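Novice: Need a 3D model of the following:
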Amino acid sequence: MYDGLFLPKALEKKRKLKKWKHENGSCDMLDHLLKENNLEPVMEKYGLKPEDDIIFIKEMIAGPLQESKEQEWDFKGRPEEKSFLYEIVSNKRNGVDVDKFDYLARDSLYLGIKNTFDFHRFLQFARVCEVDGRKTICTRDIEEDNMYDLFYIRHRLHKRAYQHRVNKVIEHMIAEAFLKADGHIEIEGSGGRMFTLSTANEDMEAYTKLTDNVFEEILKSSRPELQEAREILQNIVSRKIYKFVGERKPSRIGKARLLAGKKLAQPLPDEEENNLKPEDFEILVINMDYGMKDKNPVEHMHFYSKKEPDVASRIRTEIFSEQLIRVFCKKIDEQSVEAARQQFEQCSKSFTKERKND
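Specialist: Predicted coordinates for the structure are as follows:
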């Protein structure tokens, strides 16, 4: 389903649409499914309370439905002592949630990219601890590397698949075709109301009809008003996609000047004319990170130790190399091993004191 991904910002501004978020669309779709299938009595049959649990489901997907500066706890579906439940589906604190576990495992499998993150281990060590007066999901301190693997594979999938230059340019060409077709395709929604491609997400009955069939409808149409859109989609099918020119890391030059494309269209000093215009260029700004822009998401996680399973703390990794000194005991009888452990603990304490005095 085309959930707004292919509606470019230009279309949002042109139609004065509010910014589309798939989380909000999921909540609207939930309401539609509940109503169309009369699911509230079914929920009550299994001991659920629709008036509370529907709100809870929506909040797990999209966060607080209404944020208030006056209240410290904005959620309505569950009380503050159940705060950790809101970290399961869509974790706003650090991005570690089952939604990410699902799509990273699935996409890695189908794309043939090795996924080194082990969500089974995370679930095995997951524990609820209190942090700043609220309960949060923590994992063992020995799982720090596993959590870095989670965000690393996310970044890797973005770099090799989601943000791949061929994928992005085709995505943009589809958006361009839909922009040209917008207003020429009508989709029937609830009550017989008609919607365009850009407004179908305002009505869930119309939205459910916004499927891959739209692509095929434009491609097979002979209507003159869809000619420009049809030509773009035909070029995609024929692999006549926009050609890659090059890429650079952005400098401090303003994005407005970059996106205008005027400098790109100017001929070189030794040329009189190049027949290029600013509109001949498509400039895409690609952002890739570890899930929290320029921040380290693992720094926003909390870990507990084996010795103190109810005490949560943060691990701030600033050095990406480490040196370990491992001590082994050649005698393997229990008495010798225990004596060796005690001696090692004593030496370690002495070493720590000497370092503090230096």
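
Novice: who's in contact with the helix or strand harbouring His120?
Specialist: Here His120, judged by DSSP states H and E, is contained in helix 119-125. Contacting residues not belonging to helix 119-125 are listed as Val96, Phe101, Ala105, Thr139, Arg140, Ile142, Glu143, Asn146, Met147, Leu150 [C-beta atoms under 8 Å, 6 or more residues apart in numbering]. Heads up, the C-betas are built off the backbone N, CA and C, glycines and all.

Novice: Identify the residues contacting the third one.
Specialist: Taking C-beta under 8 Å, 6+ apart as the contact definition, Ala105 lies against Asn115, Phe119.

Novice: Could you check how far it is from Leu123?
Specialist: From Ala105 across to Leu123, the span is 13 Å (C-beta to C-beta, to the nearest Å).

Novice: got it, and the second one?
Specialist: As defined by C-beta to C-beta, Phe101 lies at a distance of 9 Å from Leu123.

Novice: Could you do the last one as well?
Specialist: Leu150 sits 13 Å away from Leu123, going by C-beta to C-beta.

Novice: same question, the fifth one
Specialist: As judged by C-beta to C-beta, Arg140 and Leu123 stand 12 Å apart.

Novice: Looking at those two, which has the bigger crowd around it?
Specialist: Taking neighbours as other C-beta atoms under 10 Å, Arg140 and Leu123 compare with Arg140 leading, 18 against 11.

Novice: re earlier: and the helix holding His120, what's buried?
Specialist: By 16 or more other C-beta atoms under 10 Å, the buried positions in helix 119-125 come out as Phe119, Phe122, Phe125.

Novice: could you give the mean pLDDT of it?
Specialist: Helix 119-125 shows a mean pLDDT of 96.

Novice: After that helix, heading C-terminal, what element do we hit next?
Specialist: Next helix or strand after helix 119-125 toward the C-terminus (DSSP H and E): strand 127-131.

Novice: Tell me the spacing between Val214 and Lys180.
Specialist: 13 Å.

Novice: More neighbours: which of these two?
Specialist: Taking neighbours as other C-beta under 10 Å, Val214 and Lys180 compare with Val214 leading, 21 against 18.

Novice: Correct me if wrong: that one contacts Asp182.
Specialist: No. Counting by C-beta atoms under 8 Å, Asp182 is not a contact partner of Val214; they are 10.7 Å apart.

Novice: Now do the shared contacts for those two.
Specialist: Common neighbours of Val214 and Asp182 (criterion: C-beta under 8 Å, 6+ apart): Leu197.

Novice: for the closest residue to Lys49 other than its chain neighbours, phi and psi?
Specialist: Spatial nearest neighbour of Lys49, chain neighbours left out: Met43 (7.8 Å); criterion: C-beta to C-beta, 6 or more residues apart in numbering. In terms of degrees, to the nearest 10, the main-chain angles of Met43 are phi -60, psi -40.

Novice: cool, Phe303 as well?
Specialist: Dihedral angles (degrees, to the nearest 10) for Phe303: phi -130, psi 160.

Novice: partners of it in the sheet?
Specialist: Thr139, Ser313 (DSSP bridges).

Novice: roughly how far apart are it and Asn94?
Specialist: In terms of C-beta to C-beta, Phe303 sits 12 Å off from Asn94.

Novice: do Val298 as well
Specialist: Taking C-beta to C-beta, one finds Val298 at 8 Å from Asn94.

Novice: go on, Leu219?
Specialist: Distance of Leu219 to Asn94, computed by C-beta to C-beta: 43 Å.

Novice: Neighbour count for the two, which is higher?
Specialist: When Leu219 and Asn94 are compared on other C-beta under 10 Å, the one with more neighbours turns out to be Asn94, at 21 against 16.

Novice: Now do the closest residue to Cys129 other than its chain neighbours: how many residues are near it, please.
Specialist: Spatially, and ignoring its direct neighbours in sequence, Cys129 is nearest to Ala312 (3.8 Å; C-beta to C-beta, 6+ apart). A count of nearby residues for Ala312, using other C-beta under 10 Å, gives 22.

Novice: Do I have it right that Ala312 meets Met301?
Specialist: No. Contact between Ala312 and Met301 fails when scored by C-beta under 8 Å: they sit 9.4 Å apart.

Novice: what touches both of those two?
Specialist: Counting by C-beta under 8 Å, 6+ apart, the shared contacts of Ala312 and Met301 are Cys138.

Novice: Quick one: the helices in the stretch 1-150 of the chain, in order.
Specialist: 9-15, 22-36, 40-45, 50-62, 98-111, 119-125, 144-157 (DSSP state H, counting those that start in this stretch).

Novice: Let me know which of those is tucked in deepest.
Specialist: helix 144-157 (a mean of 19; mean count of other C-beta atoms under 10 Å).

Novice: helices or strands next to that one in the packing?
Specialist: Under the contact criterion of 3 or more C-beta pairs under 8 Å, 6 or more residues apart in numbering; DSSP states H and E, helix 144-157 touches helix 98-111, helix 119-125.

Novice: tell me the average confidence for the next helix or strand after that helix?
Specialist: Per DSSP H and E, the first helix or strand lying C-terminal to helix 144-157 is helix 165-181. In this model, helix 165-181 has an average pLDDT of 90.

Novice: What would helix 165-181 look like as CSV? C-alpha coordinates only.
Specialist: What follows is helix 165-181 as a C-alpha-only set of coordinates in CSV (Å, rounded to 0.1, in the frame of the first residue of the first chain):
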residue,chain,number,x,y,z
ARG,A,165,20.8,5.4,-5.0
VAL,A,166,18.8,3.2,-7.5
ASN,A,167,16.1,2.6,-4.9
LYS,A,168,15.8,6.3,-4.0
VAL,A,169,15.7,7.6,-7.5
ILE,A,170,13.0,5.1,-8.5
GLU,A,171,11.1,6.0,-5.4
HIS,A,172,11.3,9.7,-6.4
MET,A,173,10.3,9.0,-10.0
ILE,A,174,7.2,7.2,-8.7
ALA,A,175,6.4,10.2,-6.5
GLU,A,176,6.9,12.5,-9.5
ALA,A,177,4.5,10.4,-11.5
PHE,A,178,1.9,10.3,-8.8
LEU,A,179,2.2,14.1,-8.4
LYS,A,180,1.4,14.6,-12.1
ALA,A,181,-1.5,12.1,-11.8
